[in-house]
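In: Give the three-dimensional model of this entry:
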Amino acid sequence: MNIHFIAIGGSAMHNLALALHQKGYQVTGSDDAVFEPSKSRLEAKGLLPAQLGWFPEKIVATLDAVILGMHAKKDNPELMKAQELGTKIYSYPEFLYEQSKDKTRVVIGGSHGKTTITSMILHVMQYHDISVDYMVGAQLEGFDTMVHLTQENEFIVLEGDEYLSSPIDRRPKFHLYKPNIALLSGIAWDHINVFPNFEQYKEQFQIFTDSLTSGGIMVYNEEDVAAADVVQNTSHPIKKYSYQTPKHTVENGITYMETPDGSMPLEIFGAHNLQNLAGAKWICQHMGVGEEEFYEAIADFKGASKRLEKIVEVKNTVVFKDFAHAPSKVKATTTAVKNQYKKRKVVACLELHTYSSLNPVFLKEYEGALESADEAVVFYSPEALAIKQLEEITAEQIKDAFQREDLKVFTNSNNFQEFLFSQDTENTALLFMSSGNYGGLDFEHVKKVVSRS
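Out: Just a heads-up that it's a prediction; the model follows:
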């Protein structure tokens, strides 16, 4: 097939382009900005656009399809040309469904834990030399791309995002996959710009649950009230399997999980990660991997990139980087680090970076999110507010939202870094939570400073 990508430089889009190129498709693409690592990876395969920008002349009658990324706008010149020619236009999830409609589709959904659970499943499958197709939201160790598509594999494992499919398709991505097997990790309000209240947000997971094939399997976290409510009360004819946090202990900074064969040390930690593991185990069992084989494989799973990723550890100081930004994720991650390092000072640094997190109405959802930290810091950029066309927020609003009077709030990256590098990191667990970079923080420099201290 001859496929053109509109907005090829995106994290998901460029990985799909690489996967289709690997599969033997003719792939072209355009974008008005392409950053690393997308740029180098596309260039290595000859897929990097020669010029930045949009070129309607690239949309020709010989194209079999166009794949439209979220970065493009409704009035994109290439999109308008494709519409004029009547070219088949797919959103990213629509095309993934087309590639997998004859496979057993396993879709991992939920407000949190999707990437980690998908990563766990793929880790187990790779350990046991079981080939599966996949799409995951992070670059995984041992995997060349975030998307892998074949003709022959029976299963495809898809991370099911609840955000919109494309500029011209306002359906959440995970509504389009029609899973045979699915997982729901939990529901915590997010994407306030699309779903203005919790009930509308929760409804998307009800639609997801009801999109399973009849007789399909839904694995869900019974400890999450909203997720349990959605699954337990659906009238859709599906099989339901619940999971909960496994029994475990923490000794000398190592988490041990109880298994039928005794306590097993893990590379990961935190109640939320143990819940993720329990969910992944159910999914793997439904894919044909036995419980004993699952435990054998998962013992050395170190986590997905930017999900409680340990970036440096020296003596009695450890530094983690995590993608957490939604309130429930911030609370779970901070609590996990404190429980793992009870005798150390936990310094939690959160960047408010997304549309939801910078919204004055949504800010109230962060109450208590940093309560487990011994020292709590919030950074946000006034420029980010301006770009997102949001009203200004003050340090007092943020302190009031988090309900923490000793909260330190920074709006200037230099001031934040000056504070950060003046800290005594002796006997400390330092946690960075952000989907951004704190206005330009160099984590390699963080590693050097901590290593010298």
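In: Contacts only, for residue 90.
Out: 65, 66, 67, 68, 98 (C-beta atoms under 8 Å, 6 or more residues apart in numbering). Every C-beta, even on glycine, is put in place using the N, C-alpha and C of the backbone.
In: what pairs with the first one across the strands?
Out: With DSSP bridges as the criterion, residue 65 is bridged to residue 3.
In: out of the contacts of residue 90, who has the most neighbours?
Out: residue 68 (28 neighbours; other C-beta atoms under 10 Å).
In: Looking at the record's assignment, how would you partition the chain?
Out: 2-87, 95-298, 309-452 (automatic domain parsing).
In: still on that earlier bit, how about the contacts of residue 90 in a markdown table, adding distance to residue 192?
Out: Output for these, formatted as a markdown table (distance: C-beta to C-beta, whole Å):
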| residue | distance to residue 192 |
| --- | --- |
| 65 | 33 |
| 66 | 30 |
| 67 | 28 |
| 68 | 24 |
| 98 | 31 |
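In: now these as a markdown table including distance to residue 81 and pLDDT?
Out: Listed next are the contacts of residue 90 as a markdown table, based on distance: C-beta to C-beta, whole Å; pLDDT from 0 to 100:
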| residue | distance to residue 81 | pLDDT |
| --- | --- | --- |
| 65 | 14 | 98 |
| 66 | 9 | 98 |
| 67 | 15 | 98 |
| 68 | 12 | 98 |
| 98 | 22 | 96 |
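In: Out of the residues you listed, which is nearest to residue 306?
Out: Distance to residue 306 across the contacts of residue 90 (C-beta to C-beta) is lowest for residue 67, with 25.4 Å.
In: Please, which helix or strand holds that closest one?
Out: Residue 67 is part of strand 65-68 when elements are defined by DSSP states H and E.
In: continuing past that strand, what's the next helix or strand?
Out: Downstream of strand 65-68 (by DSSP H and E), the next one is helix 77-85.
In: which other residues reach that next one?
Out: With C-beta under 8 Å, 6+ apart, helix 77-85 has contacts from 4, 6, 30, 54-56, 58-59, 61, 63, 66, 68, 72, 89, 167-168.
In: so how far is the helix or strand following it off the chain centroid?
Out: Following helix 77-85 in sequence order, the next helix or strand is strand 89-91 (DSSP H and E). Its chain's C-alpha centre and that of strand 89-91 lie 22 Å apart, by C-alpha atoms, centre = their mean, to the nearest Å.
In: quick one: the strands in the stretch 201-350 of the chain?
Out: Ranges of strands within the stretch 201-350 of the chain are 217-221, 239-243, 248-251, 254-259, 262-265, 309-314, 317-322, 345-352, based on DSSP state E, counting those that start in this stretch.
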